[in-house]
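Enquirer: Predicted coordinates and the sequence they were generated for:
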Amino acid sequence: MSQVSMNKQGYLMLLDAIYFAGKRIGNISDDGIEWSGDDAQTIELWAAQVRNSPVLDIETRAATNEITGKLIELVPVNCVNIMGGKAAGDEWQMPASSIRVEGEVKILTGTGQTILLKRASLRASKIRGGLGGENTLGIEFGLKMLAPLDGSSPGSIKPTDPFITAAPTSLTFEKAGGSKTIDIEASGPFSVGAVPEGFSVEIVNGRVTVIAEDNNTGGERSGELKFVLESDPETEATVALSQPNA
């Protein structure tokens, strides 16, 4: 993901990240995402006395907006977020039926803009592609823009402000240890501060896994993880860690 670059010319290009319902969709195929939809539907009203053009053009349905793409980073958590089913360790168990979920869409462009859709429907996703050629296997998905329930503007495009957030903001581990994930949303590359003793961190494509060792210290183990935005070190997110010894 590139650093935030404030583009004053109004050109939107390149894809840094896309989020749905607060969760980052994994790596997309190099075709990127496509903004499309259905054209508006109209009825033409003709008069007997006017034969060269309609007297009215009535819109019966407005044009729709839909964002489509192909997820190729098929780790279990990504597959569950976009298609449903269950994650069991490194295994993705496919869903018995398709899912339909609504949520906010956020797109970060490489030219320094944020596209926000307040309400969108995740349309039925499907596995498509191949093995052995350039047409990589992946999950094709569609996000159709819906009208907000409060009647407000359905979305916006604005310059990306530097930001970084972590969810959840606290983790508690069993005495025997284990691993838990943190979802990081950030406007650019980030680094991890000092890791508390007894814990370790793995980061793959913005998804953070915190690993706790068995707590045999005789007392409670705790500390904080800080995630710092590289382009703006003053911008950071903090996650509290705790692990009892009983």
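Expert: Good, I have the coordinates.
Enquirer: drop to CA atoms for contacts and neighbour counts, all remaining ones
Expert: Fine.
Enquirer: so for the longest strand seen in the chain, what's the average pLDDT?
Expert: Ranked by number of residues, the top strand in the chain under DSSP state E is strand 113-128. For strand 113-128, the mean pLDDT works out to 92.
Enquirer: what does stretch 224-231 give?
Expert: 91.
Enquirer: what sits up against it?
Expert: Contact with stretch 224-231 is made by 3-4, 162-164, 186-196, 234-241, as judged by C-alpha atoms under 8 Å, 6 or more residues apart in numbering.
Enquirer: Domains of this protein: list them as residue ranges, please.
Expert: Listed domain ranges for the chain are 15-159, 164-243 (source: automatic domain parsing).
Enquirer: could I get those as a markdown table with distance to Q9 and mean neighbour count?
Expert: Shown next, in a markdown table, are the domains of the chain (distance: least, C-alpha to C-alpha, whole Å; neighbours: other C-alpha atoms under 10 Å):
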| stretch | distance to Q9 | mean neighbour count |
| --- | --- | --- |
| domain 15-159 | 10 | 16 |
| domain 164-243 | 19 | 17 |
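Enquirer: My reading is that G69 lies in a strand. Confirm?
Expert: Yes - looking at G69 with DSSP: H, G, I helix; E, B strand; the rest coil, it is inside a strand.
Enquirer: Number the residues from 48 up from this point.
Expert: Yes, from this point I'll number from 48; that puts the last item at G116.
Enquirer: residues contacting it?
Expert: Here G116 is in contact with I75, S76, D78, G79, I80, E81, E187, F188, G189 (C-alpha under 8 Å, 6+ apart).
Enquirer: which one among the residues you listed gets closest to S100?
Expert: E81 (35.1 Å; C-alpha to C-alpha).
Enquirer: picking that back up, now, which of the contacts of stretch 271-278 lie within strands?
Expert: Per DSSP E, the contacts of stretch 271-278 map to strands at I211, A233, F237, S238, V239, E283, A284, T285, V286, A287, L288.
Enquirer: Dump the contacts of G116 to CSV, plus pLDDT, distance to D261 and secondary structure.
Expert: Below are the contacts of G116 laid out as CSV (pLDDT from 0 to 100; distance: C-alpha to C-alpha, whole Å; DSSP: H, G, I helix; E, B strand; the rest coil):
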residue, pLDDT, distance to D261, secondary structure
I75, 94, 37, strand
S76, 94, 39, coil
D78, 91, 44, coil
G79, 94, 42, coil
I80, 95, 43, coil
E81, 96, 47, strand
E187, 96, 41, strand
F188, 96, 40, strand
G189, 95, 43, strand
